[in-house]
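**Q** Here is a sequence together with a model predicted from it:
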Amino acid sequence: MFGLLDNILKHLIKKGQLEVVFPDYKRRIYGDFSSKDKAGFQLLTHKICFRLIVNPGLAFGEGYMSGEIKTIDCSIYEVLKVFLQNDLQHDHIGEKFASLIRFGKRSWSQLNRVHQARKNVAHHYDLKNSLYQLFLGQDKQYSCAYFNRDTQSLDEAQEAKKRHIASKLYLNKTELTILDIGCGWGGMALYLAKNFDARVTGITLSKEQLQVAQERAVAEGLQDKVHFELQDYRLINSKYDRIVSVGMFEHVGVRFYNEFFRDIKKLLKEDGVMLLHSIGRSDGPGSTNAWINKYIFPGGYSPALSEVFPAIEKSGLYVTDCEILRLHYAKTLQLWREAIEKQKDKIIKMYDERFYRMFEFYLSGCELTFYYQNCINFQIQLSSKLDILPITRDYMYQAEHDFSSQLR
């Protein structure tokens with residue numbers, strides 16, 4: 001068994017240098033010996049060796065969580081950095097086979113009907129709010145920030161993200177009604193309610209997020225302008241001037257894309273505009289990593305644009321703008337990861353060491369996929385009619401400039 005895993009690693013690791021100590025204490029070094037990216041880990045059981053052969057995408061994270069895999073004079077971030085520079089999905093026969101199975105059953109694994117969607121959201125977003133306060137920043141934005149300056153802090157970049165999105169909503173008149181689908185802890189909805197003459201409805205499937213969002217609205221004196229509900233977008237019947245959705249589309253599921261955009265068409269007024277912000281993939285349709293699906297985002301999937309645009313076309317909506325944000329989420333995840341590292345003792349006390357290793361693995365792996373794999377963010381602007389918006393993007397730039405100097 002050790003020989004087979006040894007041969008797989010010889011074939012797999014071409015970039016970076018990786019040291020592996022097997023359960024029999026034999027030591028092997030793989031990859032480019034001249035590389036500056038060096039890492040190592042020890043395998044403590046025969047069982048984890050077998051699982052790394054059969055289904056490494058799931059087994060490696062589980063092995064790190066359980067303590068069957070221990071890093072050697074480095075962090076798990078450094079280990080994953082070496083792995084993700086290499087093509088695990090195509091060069092590891094076990095992962096290649098496992099990914100084909102995941103792709104084949106992805107419609108089933110993403111069967112996010114109303115009841116299942118609530119259950120999936122609760123798995124991750126109903127963790128203790130005190131956990132998220134440790135790393136998300138002042139406004140509790142759990143999505144990609146927008147770094148328009150290299151020296152920005154996380155809070156500044158999240159504020160810039162809200163300005164960037166608001167500029168694309170074309171908030172050109174008074175008394176607008178806005179729906180925020182997947183409002184999280186309420187930051188975007190509160191921003192729009194505070195700075196624009198608008199009435200905002202924020203919906204979430206997380207009870208923990210709902211409570212915090214409602215408390216924030218009262219604390220900021222905005223309860224008459226913003227209303228938060230525990231609600232699924234499929235059960236909304238009102239019409240809105242504007243719709244915004246940030247970091248929620250990843251939980252829709254590929255088989256529900258047609259339904260999602262049909263619902264958006266139904267919810268938008270005749271002169272309505274929507275801004276959709278989501279994680280995506282740049283290499284075509286795929287499947288969700290098995291470990292992420294099991295431990296972090298069950299039912300989640302980051303789509304390729306080639307999967308999104310056909311569903312938009314069928315809905316009758318117009319794509320009026322599309323922007324790709326390449327490395328903004330990598331920077332965001334880096335700041336989150338560094339924050340939880342500083343709060344390690346608090347997180348272990350709050351949960352346990354296994355949970356901390358899970359979260360460390362999650363944030364490290366996600367950050368690195370934006371650098372070395374296929375992850376991007378996209379923002380798609382949609383409208384009900386072709387002639388609602390100006391025909392150039394100048395209004396976005398002007399609005400963002402104005403918001404930067406005027407808004408609170």
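**A** Yep, it's here. Predicted model only: the values in this text are computed from it and were never measured. Numbers count the residues shown, from 1 in each chain.

**Q** And stretch 213-227, end to end?
**A** End-to-end distance for stretch 213-227: 9 Å, by Cα to Cα, to the nearest Å.

**Q** Point to the residue nearest the middle of the chain.
**A** A centroid search over the chain (Cα atoms, centre = their mean) returns residue 279, at 5.6 Å, as the residue closest to the centre.

**Q** Can you name the residues that contact it?
**A** When contacts are counted by Cβ atoms under 8 Å, 6 or more residues apart in numbering, residue 279 touches 144, 247, 250, 302, 329, 375-377. Every residue, glycine included, has its C-beta placed from N, CA and C.

**Q** again, only using 7 Å
**A** Residues in contact with residue 279 (Cβ atoms under 7 Å, 6 or more residues apart in numbering) are 250, 302, 329, 375, 377.

**Q** Compute the number of surrounding residues for residue 235.
**A** Look at residue 235: counted by other Cβ atoms under 10 Å, it has 10 neighbours.

**Q** Spatially, what comes nearest to it if we skip its sequence neighbours?
**A** If the residues on either side of it in the chain are set aside, residue 235 comes closest to residue 114, at 7.2 Å by Cβ to Cβ, 6 or more residues apart in numbering.

**Q** I'd say that neighbour and residue 231 touch.
**A** No: taking contacts as Cβ atoms under 7 Å, residue 114 lies outside contact range of residue 231: 10.0 Å.

**Q** more neighbours, those two?
**A** Under the neighbour definition other Cβ under 10 Å, residue 114 and residue 231 were set side by side, and residue 231 has more, 15 against 12.

**Q** In contact with that one, which residues are there?
**A** For residue 231, the contact set (Cβ under 7 Å, 6+ apart) comprises residue 203.

**Q** Give the buried residues for stretch 285-300.
**A** Neighbour-count burial for stretch 285-300, counted by 16 or more other Cβ atoms under 10 Å, picks out 286-293, 295-300.

**Q** From the residues you listed, pick the one nearest residue 235.
**A** Taking Cβ to Cβ as the measure, residue 235 lies nearest residue 299 of these, at 18.0 Å.

**Q** Quick check: which element contains the nearest residue to the closest one once chain neighbours are set aside?
**A** Of all residues not flanking residue 299 in the chain, residue 120 sits nearest, at 4.2 Å (Cβ to Cβ, 6+ apart). Element membership for residue 120 (DSSP states H and E) is helix 114-125.

**Q** Enumerate residues external to that helix that contact any of its residues.
**A** Contact with helix 114-125 is made by 112, 205-206, 208-209, 232, 234, 251, 296-299, as judged by Cβ under 7 Å, 6+ apart.

**Q** pLDDT wise, what is residue 127 at?
**A** As predicted, residue 127 sits at a pLDDT of 87.

**Q** secondary structure class for it?
**A** What DSSP: H, G, I helix; E, B strand; the rest coil gives for residue 127 is coil.

**Q** Now do the buried residues in the helix holding residue 120.
**A** If you call a residue buried by 16+ other Cβ under 10 Å, then helix 114-125 has these buried ones: 117-118, 120-121, 124-125.

**Q** Which elements pack onto the next helix or strand after that helix?
**A** Stepping forward along the backbone from helix 114-125, the first helix or strand reached (DSSP H and E) is helix 129-133. Counting contacts by 3 or more Cβ pairs under 7 Å, 6 or more residues apart in numbering; DSSP states H and E, helix 129-133 is packed against helix 344-350.
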